[in-house]
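> sequence first, then the predicted structure, then my questions.
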Amino acid sequence: MRMKSLKVLIFALMSFVIAPQIQAQKAEIGFSIGASTYQGDISPLGWRISFEGAQVARGIFLSYSFNDYLALKGSFLTANLAASDENALSSFRADRNLHFKSSLKEFSLVGELNLLSVIPSFRKFKFQPYVNAGIAVFKFNPRAKYKGIWYDLQPLGTEGQGLPGSGKEKYSLTQFSVPMGLGMKYTFNDELVIALEIAPRWTFTDYLDDVSTEYPDLDLLRQERGDIAVNLSYRSDTPIDAGNGIGRGNAAENDWYVISTLSVAYRFDPGVYLDRRKGFQGNWKCPYF
């Protein structure tokens, strides 16, 4: 009983200290929909930002503004990535004949900087340019089709990962990325906000597409993983001496993905919620006791 009373007292003291600061701040909760694009070893174009092969992306988010210029946003999104050498401009990639698709799930936490201090003239038009950057963790799973059936590529070790003597480990399907976004918000009223944003993700993996280094020893791959693994590793009609350092991808650069979205958010004051927790005679209610 004494411990419970102490918890109530601590909560009440924290509420009186924090509540006046929160009262003046704003939060936003909303959803977003848009496009996800990929840049890597199977990209038809070499540009970092391209809308080639765009797939659907959607997500939800919650942000909290500390002041007029700085906010913190947490979001969860699902997306898809895909590319094929069929659309490649280079003859090497066209002959290589690789392709992939992957689902993607991402949780990110970014800091957002309002640029009205830089472009104050936008204020009268209710526009709010902003930039953001942070950290994200995402899960992906590259797949490819052979004879009408889609196969998960990572377990097959298409570049020799996990084969005896290869010295290569299978890559992880959970990775980190660094989101870097640029956007524009428009405020209809005190509660409704619409935003357009484009946000490249710099990743720490070169295997979004299951392509990075060189072809493995195909005979050893067939012995250890079977014909399916070989047929998904080497798709060219041109015979090669695989296993002797013949390039399959470019390991010098990691893969990227880009999320471009339109979002709709409801803006509210967290202090109003805290006010509703007040008990009688001006005391605060703790929702846990």
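Noted; the coordinates are in hand. Residues are numbered from 1 along each chain as shown.

> what about residue 202, distance to residue 164?
Per Cβ to Cβ, to the nearest Å, residue 202 is found 34 Å from residue 164. C-beta here means a position set from N, CA and C on the backbone, and glycine is covered the same way.

> so these two - more neighbours on which side?
Neighbours were counted for residue 202 and for residue 164 using other Cβ atoms under 10 Å; residue 202 has more, 16 against 10.

> what helix or strand is that one on?
Element membership of residue 202, judged by DSSP states H and E, is strand 192-203.

> repeat for residue 28
Per DSSP H and E, residue 28 falls inside strand 26-39.

> just checking, residue 127 touches residue 183?
No: with contacts counted by Cβ atoms under 8 Å, residue 127 stays clear of residue 183, the gap being 10.7 Å.

> could you check which of those two has the larger neighbour count?
More crowded of residue 127 and residue 183, by other Cβ under 10 Å: residue 183, with 19 against 14.

> residues in contact with the closest residue in space to that one that isn't next to it in sequence?
Using Cβ to Cβ, 6 or more residues apart in numbering and skipping the chain neighbours, the partner closest in space to residue 183 is residue 197 (3.4 Å). Neighbouring residues of residue 197 by Cβ atoms under 8 Å, 6 or more residues apart in numbering: 32, 181-184, 259-261, 263.

> among those residues, which ones are buried?
Neighbour-count burial (16 or more other Cβ atoms under 10 Å) is assigned, among the contacts of residue 197, to 32, 181, 183, 259-261, 263.

> just to confirm, which helix or strand has the residue most central in space within the chain in it?
The residue lying closest to the centre of the chain (Cα atoms, centre = their mean) is residue 106, at 4.5 Å. Assigned by DSSP H and E, residue 106 falls within strand 99-114.

> same question for residue 175.
strand 174-187.

> tell me which other helices or strands that strand touches.
Under the contact definition 3 or more Cβ pairs under 8 Å, 6 or more residues apart in numbering; DSSP states H and E, strand 174-187 sits against strand 99-114, strand 127-140, strand 192-203, strand 256-268.

> how about a cut-off of 10 Å?
strand 70-84, strand 99-114, strand 127-140, strand 192-203, strand 256-268 (3 or more Cβ pairs under 10 Å, 6 or more residues apart in numbering; DSSP states H and E).

> could I get those strands as a markdown table with mean pLDDT and distance to residue 250?
Output for those, formatted as a markdown table (pLDDT from 0 to 100; distance: least, Cβ to Cβ, whole Å):
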| stretch | mean pLDDT | distance to residue 250 |
| --- | --- | --- |
| strand 70-84 | 96 | 14 |
| strand 99-114 | 96 | 15 |
| strand 127-140 | 95 | 19 |
| strand 192-203 | 96 | 15 |
| strand 256-268 | 95 | 13 |
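
> minimum distance to residue 146: which of these has it?
Across the helices and strands packed on strand 174-187, residue 146 has its closest neighbour in strand 99-114 (10.3 Å, Cβ to Cβ).

> how much space between the closest residue to the residue nearest to the centre of the chain other than its chain neighbours and residue 108?
Using Cβ to Cβ, 6+ apart and skipping the chain neighbours, the partner closest in space to residue 106 is residue 138 (3.9 Å). For residue 138, the distance to residue 108 (Cβ to Cβ) stands at 8 Å.

> so residue 56: helix, strand or coil?
The three-state assignment at residue 56 reads strand, by DSSP: H, G, I helix; E, B strand; the rest coil.

> which strand residues bridge it?
Counting by DSSP bridges, residue 56 forms beta bridges with residue 35.
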